[in-house]
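**Q** coords below, sequence missing:
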């Protein structure tokens, strides 16, 4: 009997050693248009129990930033470890491989290192990018309407020859989760986990909500009382640069949205309601996939990343969507939970370190000990995962182009955001903004040029110059 117990103990010990030495799996929840407004981020309205649970199981980053607040360039940056200004792509219309054929991406690199690579839903903005590099590929599905009146509307618009087939900006059909595409994405993820549980894998689960249209099952709308949502201030920041905010044409393209003027309170509440319902919908899908990971006993050797491609405005500044250098558009939620067998694992901690989505590439190279890794614009944040209070970068950087001739360049030190709008070729400064963000995602006064803030502005300008020297090369836009 004692001999059997000893054998069992040795077996378990050996299994733990193997588990801790084996290169980890990676599971990435890549969310679309999700701003840093979740229960775990202190939201008073968002109902997100599953994401909150994941946050308690890892490190939550308060100051994580994207490199551009628009889908395609942001996702390319994450998947290549290269900033938009390195790739030369700033628009949603240019696929990565149309102009960057030799760049090594995460699926390519993990493939070279013997991993199964899995893409589910919206990972790249353009599904054609690296499609053949994924071992398993479930493409991004189109948006769908399920209510009879909306199905009839879409049919009529198609018959009328409307080029941009966009129905209402929101819908709440009484259907199961799999009625809409994110429910199916979670289903595919669970089924695939069951198939690859004995392999090394990296899986991206790209959940499309809360991207427009805010279509999600009725039960998630029922979690909220529309009348409890406050209407955000429509005040624009004083002294804001004329091109700082976008005209939010993305939202205006939907059939029930006025093409001009501010939205009234009732429609504003409908949209805020729909955004929150969509967030709770994807929260439920995260919970399902996490349960499958636990049921398959994969948590001990799987690193989990929860992230967004950029932030979002739901009426703040009388504006909507993203497409700006504003703090609310470039700051994003980021949660990382190390595999439970990792000896230095830290859980239920918060970090105020300045990190960027471009750092994910180098972080995964480090964690998974990948060979053949190319040079990256980011750096591994493993030291911060091991010690969330560690002093880290002085600044984070983002860009936003306004056409071919104007480039918006912005930096934050965690408390202040400094932005210069420059001529893309000559670097001539066309406009400057300085906002305080010590306690809020929003700021309503551009204090650039005010004597009281002179030393702050000089310091922030120096940080910006470090990344974007005013005597630097022109910004080349490869958008085609």
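**A** Perfect, thanks for sending it. It should be emphasised that the depicted structure is a prediction, and the values quoted were computed from it without experimental measurement.
**Q** residue nearest the centroid of the chain?
**A** The centre of the chain sits closest to residue 308, judged by Cα atoms, centre = their mean, with a distance of 1.5 Å.
**Q** Does that one have any beta-bridge partners, and if so which?
**A** residue 31 (DSSP bridges).
**Q** wait, it sits on residue 28?
**A** No - at 11.3 Å, residue 308 and residue 28 do not qualify as touching, with contact defined as Cβ atoms under 8 Å. The way it works is simple: take the backbone N, C-alpha and C, and place the C-beta from them, glycine included.
**Q** Do a quick rundown of the helices in the stretch 351-480 of the chain.
**A** Under the criterion DSSP state H, counting those that start in this stretch, helices of the stretch 351-480 of the chain are mapped to 359-367, 382-386, 454-467.
**Q** Tell me the buried residues in the shortest one?
**A** I take that to be helix 382-386. Neighbour counts over helix 382-386 (16 or more other Cβ atoms under 10 Å) mark 382, 384, 385 as buried.
**Q** Summarise which helices and strands that helix is packed against.
**A** helix 359-367 (3 or more Cβ pairs under 8 Å, 6 or more residues apart in numbering; DSSP states H and E).
**Q** For the helix it packs on, which helices and strands make contact with it?
**A** Using 3+ Cβ pairs under 8 Å, 6+ apart, helix 359-367 sits against helix 71-80, helix 106-112, strand 302-308, helix 382-386.
**Q** contacts for the next helix-or-strand element following the third one?
**A** Note on strand 302-308: by DSSP states H and E, the next helix or strand toward the C-terminus is strand 313-314. In this structure, residues lying in contact with strand 313-314 by Cβ atoms under 8 Å, 6 or more residues apart in numbering are 35, 232, 248, 271-272, 275, 319-322, 324, 326, 328-329.
**Q** what are the pairing partners of strand 313-314, and which direction each?
**A** Under the rule (DSSP bridges), strand 313-314 has strand 320-321 (antiparallel) as partners.
**Q** what does the strand it pairs with contact?
**A** Strand 320-321 is contacted from outside by 33, 212, 246, 248, 250, 251, 263, 271, 312, 313, 314, using Cβ under 8 Å, 6+ apart.
**Q** Filter those residues down to just the ones in helices.
**A** 250, 251, 271 (DSSP state H).
**Q** Only the buried members of those residues: can you turn that into a PyMOL selection?
**A** Restricted to buried positions by 16+ other Cβ under 10 Å, the PyMOL selection for those reads:
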select buried, resi 250+251+271
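**Q** quick one: which of the ones in helices among the contacts of strand 320-321 is nearest to residue 149?
**A** Relative to residue 149, the closest of the ones in helices among the contacts of strand 320-321 is residue 271; by Cβ to Cβ it sits at 18.7 Å.
**Q** where does this structure have low pLDDT?
**A** 1-21, 480 (pLDDT under 70).
**Q** All the helices of the stretch 201-350 of the chain, in order from the start?
**A** Secondary structure of the stretch 201-350 of the chain (DSSP H, counting those that start in this stretch): helices at 218-221, 249-252, 265-295, 327-330.
**Q** and the two most separated of the contacts of strand 320-321?
**A** Taking Cβ to Cβ, the two most distant members of these are 33 and 263; they sit 17.5 Å apart.
**Q** Those two: which is more packed in?
**A** Neighbour count, other Cβ atoms under 10 Å: between residue 33 and residue 263, residue 33 has more, with 24 against 20.
**Q** which ones are touching the more buried one?
**A** 209, 210, 211, 212, 308, 309, 310, 312, 321, 322.
**Q** Output the residues you listed in CSV; the columns should cover distance to residue 76.
**A** Below are these laid out as CSV (distance: Cβ to Cβ, whole Å):
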residue, distance to residue 76
209, 21
210, 21
211, 17
212, 21
308, 15
309, 10
310, 13
312, 19
321, 19
322, 16
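**Q** Out of those, which comes closest to residue 146?
**A** residue 209 (14.2 Å).
**Q** quick one: contacts for the closest one?
**A** 31, 32, 33, 180, 182, 215, 216, 278, 279, 281, 282.
**Q** so how far is residue 260 from the second one?
**A** Residue 32 sits 27 Å away from residue 260 when distances are taken as Cβ to Cβ, to the nearest Å.
**Q** my guess is residue 436 meets residue 442, correct?
**A** No - with contacts counted by Cβ under 8 Å, residue 436 stays clear of residue 442, the gap being 10.3 Å.
**Q** And for residue 351, the neighbour number?
**A** 23.
**Q** Next up, phi/psi of residue 217, please.
**A** phi -60, psi 150 (degrees, to the nearest 10).
**Q** hang on, isn't it packed against residue 177?
**A** Yes - the pair residue 217 / residue 177 is scored as a contact, 6.0 Å apart, by Cβ under 8 Å.
**Q** what is in contact with those two at once?
**A** In contact with both residue 217 and residue 177: 183, 281, using Cβ under 8 Å, 6+ apart.
**Q** More neighbours: which of those two?
**A** Counted by other Cβ under 10 Å, residue 217 and residue 177 do not tie: residue 217 has more neighbours, with 24 against 18.
**Q** The closest residue to that one other than its chain neighbours: what secondary structure?
**A** Spatial nearest neighbour of residue 217, excluding adjacent residues (Cβ to Cβ, 6 or more residues apart in numbering): residue 175 at 5.4 Å. For residue 175, the assignment made with DSSP: H, G, I helix; E, B strand; the rest coil gives coil.
**Q** Could you pull up the contacting residues of residue 175?
**A** So residue 175 contacts 146, 217, 218 (Cβ under 8 Å, 6+ apart).
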